[in-house]
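Undergrad: Curious how this folds, go ahead:
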Amino acid sequence: MSGNELGLFAGKDKPTKEWGWSAYTESVTYNTGLQVQETVRANENFYIGKQWEGVQANGLPTPQFNVLKRVTGFVVASIVSDSIRISASPLSAYPQEDKMLDPVRIVNEEFESLGELNSLPSLAKEFARDAAVRGDGCIYTWWDAEADAGPNGKGVIRSEILENTRVFFGNPNDRRVQNQPWIMFEKREIVRNAKRRAKANGCEGWEEIMPDDENMDGVDQQKRTHDKVTCITLFWRDDETKEIWGYEFCSNAEIKKPFNLNIRLYPFVWLNWDYVADCYHGQAMLTGLIPNQIFINKAWAMSMLSLMRSAWPKVVYDKTKVSHWDNRVGGAIGVAGNVDSVAKNLDPPQVSPQVFQFISAAVSQTEESLGATEAALGEGKAYNTSAILSLQRAASTPQEMTKQNLYKQIEDLARIYLEFMANYYGERTVDMTPTDDIRAVYEKQNELAMETGAAPMETPATVPVDFDFSTLKDHPFSVKVDVGASSYYSEIASLQTLDNLLLNDRITTVQYLERIPDGNIAGRRKLIEELKQKEEQEAQAALMAQQQATTMPPAGGPGEMTEQNDMGEAEAAATREVAETGQREEQRSTGFRELQKALRRIA
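TA: Residues are numbered from 1 along each chain as shown. All right, here's what the predicted structure looks like:
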């Protein structure tokens with residue numbers, strides 16, 4: 001076997017624009033054979049309401065009752081919740097798990113910030129909508145080095161939706177993203193911008209970038225393409241370092257030379273609505289429902305035409321007796337001769353009621369086949385609350401596989417976020433719980449303040465600290481997605497469990513507050529710090545009292561001292577154990593009362 005057969009880019013370490021454009025044209029040919037463009041165009045037209053485009057009506061009415069859009073909106077809304085939250089936790093087998101509390105909290109806070117920045121619930125809805133309508137959904141994540149990151153300088157992580165017709169896999173028979181030898185996507189860019197970027201990146205031949213035409217996959221027949229050029233971005237994984245590299249080019253020039261992304265995961269997540277064997281493209285939900293929509297529209301059109309032609313009765317009159325028929329209300333008509341058999345109404349043919357029954361049946365069967373039943377849509381009568389809830393739950397069952405697949409892709413998106421954090425954030429200022437070293441600094445300052453008569457400084461609940469995000473590479477994380485009512489229920493269950501542990505004196509107040517889910521108590525970290533300081537003060541006071549008790553002489557005389565010395569060791573130990581047990585019980589009760597007071601103050 002020759003070296004060229006072993007190499008990914010014809011035996012070369014880096015791709016060339018010639019190799020890249022050849023791979024791109026082969027991928028387009030593959031999609032053309034699958035009729036991906038035509039299928040997507042038809043599905044998009046039917047979804048947005050262009051259901052008679054290209055049809056010669058020949059005088060036939062062109063009504064449309066867009067059942068597909070309603071059903072698609074219902075199904076997408078049922079599998080995508082408004083409250084999607086990504087949370088990270090260290091692997092259960094990780095040693096010294098207590099040292100991971102601050103890194104995990106920082107990562108979770110960053111996940112929440114990225115969810116707000118990228119509008120994660122809306123992004124997930126558009127992601128699922130594309131999969132339902134187009135067959136596949138794709139989220140592309142990239143590093144925006146010019147975006148303002150507040151006090152931490154510049155650079156944020158951004159995610160956007162890509163059309164499935166513009167994404168190409170190196171192995172089109174495998175839908176798994178991270179198993180691909182390479183992935184590329186195309187975009188239409190204004191020629192002037194492409195030339196400016198190529199020149200800024202030091203690429204030769206940037207003057208040769210010219211506009212090119214393209215068969216657009218949009219729903220409109222005409223597109224403005226005369227001032228745009230097709231630009232390709234190629235990603236591949238290095239065989240030795242396993243890092244992802246990128247390369248941008250067009251048909252006749254480079255735009256950005258090969259560059260290292262310094263991450264180990266392809267920055268794509270890919271969602272098939274329904275899997276197709278040996279193909280990275282999936283089957284859209286709308287593809288199999290378009291014939292139903294066509295039948296419904298045609299049945300309504302023919303019914304409307306029949307109504308327009310025969311709904312009003314026609315008058316037939318004898319022209320030998322009436323020269324002109326007058327339809328005016330109350331108008332008199334002159335007749336020459338006998339008025340019998342002058343005119344009559346022709347009864348119009350009746351449209352069979354089965355037509356409308358069949359149209360209604362077609363609509364309802366189409367909706368019910370996708371789980372959009374009356375109960376699920378909230379149209380059923382609530383004779384029994386439990387029955388309605390059971391029907392709604394049963395209606396959502398057919399979409400459970402798609403829902404779980406969606407959540408898996410969101411988890412993969414979170415892992416991509418972790419890769420970008422670890423490799424691009426560097427050192428950033430974050431709020432962290434004061435360490436022992438920081439507390440020692442504050443205690444030293446307070447000692448100096450007492451000597452000089454200045455006011456002491458209280459140790460804050462959080463302090464700004466420069467956190468090195470590159471250390472995340474050394475910490476294995478497990479990432480999970482909490483969605484909707486399930487996450488709300490899990491938080492309630494966690495709170496109830498912690499409440500029971502605290503009431504039964506299985507954990508302390510500080511342990512309770514450290515494990516309570518985020519967002520339930522305002523100022524939680526400050527409250528923890530205050531309780532820790534109080535516990536330290538109580539411990540110091542108890543230690544000083546014990547020292548004073550050991551140094552003070554006994555109050556009784558020699559006889560009493562003899563009796564005290566003669567006290568049995570077992571009795572003394574039992575007395576100490578009872579005293580210590582009572583002190584611990586009192587501390588627990590006091591801690592729980594203090595917690596309840598703090599919660600009432602916050603509420």
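
Undergrad: Shouldn't residue 478 be within a strand?
TA: Yes - counting by DSSP: H, G, I helix; E, B strand; the rest coil, residue 478 is part of a strand.

Undergrad: these two touch, right, residue 303 and residue 353?
TA: No - when contacts are counted by Cβ atoms under 8 Å, residue 303 is not listed as touching residue 353 (10.9 Å). To be clear about C-beta, it is placed using only N, CA and C from the backbone, and glycine gets the same treatment.

Undergrad: Neighbour count for the two, which is higher?
TA: Neighbour tally, residue 303 and residue 353, criterion other Cβ atoms under 10 Å: the higher count belongs to residue 303, 17 against 8.

Undergrad: in a helix, that's where the more buried one is, yeah?
TA: Yes - counting by three-state DSSP, residue 303 is located in a helix.

Undergrad: Tell me where the chain has strands.
TA: Assigned by DSSP state E, the chain shows strands spanning 84-90, 136-148, 154-162, 167-169, 182-190, 228-237, 244-249, 254-260, 268-272, 314-317, 343-346, 427-432, 463-468, 477-483.

Undergrad: Name the residues that touch the third one?
TA: Same thing as strand 154-162. For strand 154-162, the external contacting residues (Cβ atoms under 8 Å, 6 or more residues apart in numbering) are 114, 117-118, 123, 126-127, 130, 137-149, 185, 268, 413, 417, 420-421, 424-425.

Undergrad: 6 Å instead, please
TA: With contact meaning Cβ atoms under 6 Å, 6 or more residues apart in numbering, strand 154-162 is reached by 114, 118, 126, 138-142, 144-145, 147, 149, 185, 417, 420.

Undergrad: With the fifth one instead?
TA: For strand 182-190, the external contacting residues (Cβ under 6 Å, 6+ apart) are 162, 166-170, 228, 230-236, 266.

Undergrad: from those residues, which has minimum pLDDT?
TA: Across the set of the contacts of strand 182-190, residue 228 stands lowest in pLDDT, at 89.

Undergrad: How many neighbouring residues does it have?
TA: Here the number of neighbours of residue 228 (other Cβ under 10 Å) works out to 19.

Undergrad: Format the strands of the chain as TSV; extra columns: distance to residue 11.
TA: Below are the strands of the chain laid out as TSV (distance: least, Cβ to Cβ, whole Å):
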stretch	distance to residue 11
strand 84-90	41
strand 136-148	29
strand 154-162	30
strand 167-169	22
strand 182-190	15
strand 228-237	15
strand 244-249	17
strand 254-260	16
strand 268-272	27
strand 314-317	83
strand 343-346	84
strand 427-432	41
strand 463-468	40
strand 477-483	38
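
Undergrad: what about residue 145, distance to residue 132?
TA: Noted for residue 145: a distance of 34 Å to residue 132, by Cβ to Cβ, to the nearest Å.

Undergrad: nope, residue 415 is what I meant
TA: 25 Å.

Undergrad: So between those two, which is more surrounded?
TA: Using other Cβ under 10 Å as the criterion, residue 415 and residue 132 rank with residue 132 on top: 25 against 17.

Undergrad: doesn't residue 74 make contact with the more buried one?
TA: No - using Cβ atoms under 6 Å, residue 132 is not in contact with residue 74, being 10.5 Å away.

Undergrad: can you give me the helices in the stretch 1-150 of the chain?
TA: Here the stretch 1-150 of the chain has its helices, by DSSP state H, counting those that start in this stretch, at 3-6, 17-33, 36-48, 67-79, 101-117, 120-134.

Undergrad: by contact count, what packs against the fourth one?
TA: So the one you mean is helix 67-79. helix 120-134, helix 353-369 (3 or more Cβ pairs under 6 Å, 6 or more residues apart in numbering; DSSP states H and E).
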